[in-house]
Each structure stands twice: as C-alpha cells, then as structure tokens.
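Undergrad: Okay, predicted coordinates and the sequence, questions at the end:
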2 protein chains.
Amino acid sequence: MQKTKRLIAIERIIVGENISSQEALLKKLKGKGIICTQATLSRNLRQLGVSRVPDGKGGYRYSLAGRNDASYSQEPKLNVLPGIRSLTGAGGLMVMKTIPGSANATAYFIDNSGRYEIAGTIAGDDTILIIPRDGITINQVHACLELIIPGLHRQIEPSGPGTLKVKQRNIRKQN
Amino acid sequence: MQKTKRLIAIERIIVGENISSQEALLKKLKGKGIICTQATLSRNLRQLGVSRVPDGKGGYRYSLAGRNDASYSQEPKLNVLPGIRSLTGAGGLMVMKTIPGSANATAYFIDNSGRYEIAGTIAGDDTILIIPRDGITINQVHACLELIIPGLHRQIEPSGPGTLKVKQRNIRKQN
DNA sequence: AAAAAAAATGAATAAAAATGCAAAAAACAA
DNA sequence: TTGTTTTTTGCATTTTTATTCATTTTTTTT
C-alpha cells in the first residue's frame, strides 16, 4: 500500500533529522521517491501524532512526542528486532511467531511502543498473541506494527504477507 | 512586568484546558484581563516551548511537552510549594531561604522542573543556592521560578522582590 | 536624571498548515 | 470478474501561525 510506505518513511525522516516544515518534508520524501502533496502530509502527520515543537534555538522541528526521538535520547536504539518469523491474522486477533525464546522480549517491545491500536499482548515461548483495541482492524494493527518494527515487512519470511489476508466483514481500513 | 504575568497565565491555561488555536488562547487571556495580539502569543508560545499536538480525536491542542500536563498525568499535583521565605540575587547566583528543614524538598522540586535556565542547586537546611546556566540572568531565573512555583510572588515576604534587584553589567533580560 | 541600549509589542504581511470537496484508488462482496 | 463501499489523494482555499518592520516600553549606564 502506498500510504503505509509513506507513513513509515515520514516517521523515519522525522526521527532522524531536523525537519521544520511540511514543504521540507515533502522534498525529503521526493528524494526517496515518495511523492505526495502538502495536504496529504498534513493529514499523515496528524495521524502519526507528530507535532511541531520549538527547538529552543528560535526555530521549530517536527517530533513524535512521547515516542523515542533519536536526537533527544542519547542511548543508542536497537532498531531491528530480530527473530520474527511470521505474522498472521485470526478472528480479529493477530498471531506473531518468533524464533524460540524471543517471544517475550518482542512482546515487551510491542507493549512499550505506546501504540494506541494495540490493547495488549500475550507471549509464550515463540508465539505472541496481539490483541487489537476495540474498533481497530487487523490491517490497522499490521500498519502499526510496520511503524514500530521498521524492518518488519522485510523480515517476515515468504508466506508472511500472504497469510496476513483475513476475510472479514465490515471492518475499516486505517484512517 | 507585563510579559512574565502573561507567560504564567498562558502556561496555566494551556496546562489546564484544551486550547486549539492562538485565537482561542487570545480570548481566554482577554477573559483574564490580559490583552495582547496573536503575534505576541506566537512568540510567547515559542519561548515557553509550547507545541501544538494532534489530540487523537482529529483535532489539535497546545501542550507543554516534557513538562507535566494535568490532563495527561493522573496523579494529583502539589502546586503550591510552601515554606519559601525569600529570594535574593547575589553575584549572578540566587539564594532562596525557606523555613527550616524544607530547603531540600524545595531544591529537589526546582531541580526536577526541567527548566533550562537552572544549571543546578545546592541545598542546606533552610537555604538554597540556585545556579543559573551560563548566559542566563538573575531576572531570567526569577521569571522562570515564577513559572515553576505559581504562588511565588505572593509567597515571598515584604522585602522579597525588592532585594531581587542586583546591579550587574552586560546581562540580558528574558528573551 | 538623562542618554543609550535592549527588549517587547502591534499592525500588516508572509509563510505554513488544515480542510472541503470531488476524483481516483483500494478493498470488499457476490 | 464486476459492482459497491470505503479509503486515500490532490486541488483550491481557508485557517492558523510566524515574521518583518516601526514604535513603545523597559532596563541599563553614565
């Protein structure tokens, strides 16, 4: 999907560098081959919860409040969460399989992402049950996991994205 | 001073209620007898580090990122810090006197306010030495303490504000 | 106290961001 | 697939916010 890719890119750019206007962000995105209008950005930034904060030097910069911001937190962040094997939707819930033993760490990471979409998780040894909040669809959770775990779509093995498709009635897409 | 009063009022309003535009804030201030233009507000908000964040319900609200925000933190806040006796400037530093025994708690509070202006504090039993960061004036620290400790100017005894005036060369005012 | 310097402010305007609406794209049902 | 519904998007415009410049106020120096 076009939008998810863009949201991910926006998040990365904003966390990684100092962006002070939507025009500037627009150009950065263009540099990455992602083209859209300022109107779309405005909407996307709102969805991501991004705000424009005074940078203390007389200017402004976009920031993902609450979430970790590379330029503010000193400690290096592990951005790639390894060991994720698959991601499947089932009856409104999601099941994530990991390599043995790492389910807990991964679940912990997901829990602490602070994403509204996820009500909670239950982790075994190599399996995590991800419980979406009421009114949140499987696809929204998927999009949100993509945001939390940058490499996700590249990490999941062949069958991954395929098994994600779940037939279901009357659910809304990300919005 | 006019500006300090306004900054305090802005901070209070923003923390206390949902304000979504400078126009709205302008009216709230007018309600409190404080009149200025949107231009001034824009500058003040930047100085206070206030940002406009998506409220998750499709709208926006102003917020003092980093600092405690009543509507987000559940725990009740002690807003009045009692026991402050006086506040005096001395050679680029500030000395705050408290009732015996409460210097430490007050210093702790000041330390944790997260204000840029204050480099640190040293507390005895009834006296606190407040050390401003380089380039910060006594007056800036005073203004900043007013912000941290809402009732300050009303708490200090007669001689308080008077003793604050310190002759010094080449220092800048709050800006 | 008077002069000089710095800071704060408002009016007007520029810049930036948000939104209504219609069209296009994607997801879904049958 | 094909028709139907939902979501996404761009364009044009409005709304909101930032800034420039001139002036006033405050602070500092002499």
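TA: Looks like it came in fine.
Undergrad: Is residue A:11 in contact with residue A:48, as I believe?
TA: Yes - if you go by CB atoms under 8 Å, residue A:11 and residue A:48 touch, sitting 6.2 Å apart. Using the backbone N, CA and C atoms, a C-beta is placed for each residue, glycine as well.
Undergrad: Is any residue of the helix or strand residue A:144 falls within near DNA strand D?
TA: Assigned by DSSP states H and E, residue A:144 falls within helix A:138-148. No - Helix A:138-148 lies out of reach of DNA strand D by CB under 7 Å from any atom of the strand, never closer than 7.8 Å.
Undergrad: what packs against that helix?
TA: Other helices and strands packing on helix A:138-148, by 3 or more CB pairs under 8 Å, 6 or more residues apart in numbering or on different chains; DSSP states H and E, are helix A:2-16, strand A:84-90, strand A:93-98, helix A:103-111, strand A:127-132, helix A:152-155.
Undergrad: who touches the helix or strand hosting residue A:62?
TA: Per DSSP H and E: residue A:62 is located in strand A:60-63. Defining contact as CB atoms under 8 Å, 6 or more residues apart in numbering or on different chains, one finds that strand A:60-63 is touched by A:14, A:18-21, A:25, A:45, A:50-55, A:69, B:46, B:51, B:65.
Undergrad: go again using 10 Å as the cut-off
TA: Under the contact criterion CB atoms under 10 Å, 6 or more residues apart in numbering or on different chains, strand A:60-63 has outside partners A:10, A:13-15, A:17-22, A:24-25, A:45, A:48-55, A:69, A:71-72, B:46, B:51, B:53, B:65.
Undergrad: Pull out the buried members of those.
TA: Neighbour counting over these (16 or more other CB atoms under 10 Å in any protein chain shown) leaves A:10, A:13-15, A:19, A:22, A:25, A:45, A:48-54, A:69, B:46, B:51, B:53 as the buried ones.
Undergrad: And residue A:133, how far from residue B:57?
TA: Residue A:133 is 15 Å from residue B:57, where distance means CB to CB, to the nearest Å.
Undergrad: With residue A:46 instead?
TA: 11 Å.
Undergrad: Please identify the pairing partners of the strand holding residue A:62 and their relative orientation?
TA: strand A:51-54 (antiparallel) (DSSP bridges).
Undergrad: Single out the residue in chain A that lies closest to DNA strand C.
TA: residue A:39 (2.9 Å; CB to the nearest atom of the strand).
Undergrad: Can you give me the neighbour number for the nearest residue to residue A:131 once chain neighbours are set aside?
TA: Nearest residue to residue A:131 in three dimensions, chain neighbours excluded: residue A:119, at 4.7 Å (CB to CB, 6 or more residues apart in numbering or on different chains). Applying other CB atoms under 10 Å in any protein chain shown, we find 13 other residues in the vicinity of residue A:119.
Undergrad: which SS state does residue A:119 fall under?
TA: Secondary structure state of residue A:119, per DSSP: H, G, I helix; E, B strand; the rest coil, is strand.
Undergrad: Against chain B, how distant is it?
TA: 15 Å (CB to the nearest CB, to the nearest Å).
Undergrad: pretty sure that residue contacts residue A:110?
TA: No - Residue A:119 sits out of contact with residue A:110 when judged by CB atoms under 10 Å, with a separation of 11.2 Å.
Undergrad: which residues are in contact with both of those two?
TA: Joint contacts of residue A:119 and residue A:110 (CB under 10 Å, 6+ apart) are residue A:130.
Undergrad: pLDDT wise, what is residue A:174 at?
TA: In the predicted model, residue A:174 carries a pLDDT score of 45.
Undergrad: for residue A:20, that is, sorry about that
TA: 93.
Undergrad: show me what contacts it?
TA: Counting by CB under 10 Å, 6+ apart, residue A:20 has contacts A:52, A:55, A:59, A:60, A:61, A:62.
Undergrad: 7 Å instead, please
TA: A:59, A:60, A:61 (CB atoms under 7 Å, 6 or more residues apart in numbering or on different chains).
Undergrad: show me which of those residues neighbour DNA strand C.
TA: Counting by CB under 7 Å from any atom of the strand, residue A:60 from the contacts of residue A:20 sit close to DNA strand C.
Undergrad: Which one (most neighbours) among the contacts of residue A:20?
TA: residue A:61 leads the contacts of residue A:20 on contacts (other CB under 10 Å) with 21 neighbours.
Undergrad: does residue A:46 really touch residue B:53, like I thought?
TA: No - here residue A:46 does not reach residue B:53: they are 9.5 Å apart, not a contact under CB atoms under 7 Å.
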